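>>> build me a structure from this.
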Amino acid sequence: MRAQKENWKMVGKLGVITLGMFAFGYALVPIYRAICEVTGINILALGEQRNNLAVSKAENSQVDTSRTITVEFDVNVRGPWHFKPEKRSVEVHPGQLTTVLYEFQNIQNRTMAAQAIPSYAPRQATAHFNKLECFCFNQYTLAPGERKEWPVAFVIDPKLPKDVTTITLSYTFFEVGSSTPAAPTASLPKPEGEV
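Numbering: from 1, shown residues only. Next comes the predicted model:
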């Protein structure tokens, strides 16, 4: 009889422990969120991160709508293929995310590998032209007649000097394995009196 009472006491204790663990499991999510808010860690579930990103895109205060920069797109082709931007120029505000597509077609009767090298004018714009996605980071192999479109996604830093109103993004596209051409450079006029 005594052993039976002890067994029921043990079952009761185990039941209380089980209920406590179950309640603690449900309380973890609010506790976790509260700790994240207090510490500033803000590590949320993937779905909540996507919602927060959508909100932050809508509230982007980094775009300087008081300024407009003209971005011109130039291409230098070294070889028998077609390479061109979808647009020759776009007007953007500093801080605004912009995407432009480039079209490339291998018109040779052989497979080829190619890569692009970017350059910027004026030179001081280089540090302020931030590419988030660009085909110039990779080498590409294209079959004879194959056509591809590649995006360039960029943001111009709002700290770009105010006197810069036009930026030229130029790509030199060359075949990998052939001799690599030098990137085009703009020659600056020499000051008067200098030889």
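
>>> now do the helices in the chain.
With DSSP state H as the criterion, the chain has helices at 2-39, 46-58.

>>> from Leu28, how far out is Asp64?
43 Å (C-beta to C-beta, to the nearest Å). All C-beta atoms are positioned from the backbone trio N, CA, C, and that covers glycine.

>>> Lys162 too?
52 Å.

>>> that older thread, of Asp64 and Leu28, give the one with the bigger neighbour count.
Asp64 (17 against 9; other C-beta atoms under 10 Å).

>>> I figured that one hits His93, correct?
Yes: taking contacts as C-beta atoms under 8 Å, Asp64 lies within contact range of His93: 5.7 Å.

>>> so what's Thr98 bridging to?
Beta bridges link Thr98 to Phe154 when assigned by DSSP bridges.

>>> tell me which helix or strand of this structure sits lowest on mean pLDDT?
In the chain, the helix or strand scored least confidently by mean pLDDT, DSSP states H and E is helix 46-58, which has a mean of 47.

>>> Ile167: neighbouring residues, count only.
22.

>>> now do the contacts for the nearest residue to it once chain neighbours are set aside.
Excluding the flanking residues, the one nearest Ile167 by C-beta to C-beta, 6 or more residues apart in numbering is Ala125, at 4.5 Å. By C-beta atoms under 8 Å, 6 or more residues apart in numbering, Ala125 lies in contact with 156, 160, 164, 167.

>>> tell me, how many residues neighbour the first one?
The reference is to Ile156. For Ile156, the neighbour count with other C-beta under 10 Å is 23.

>>> swap in the second one?
When counting by other C-beta under 10 Å, one arrives at 20 neighbours for Leu160.

>>> for it, give me its contacts.
Here Leu160 is in contact with 69, 94, 125, 128 (C-beta under 8 Å, 6+ apart).
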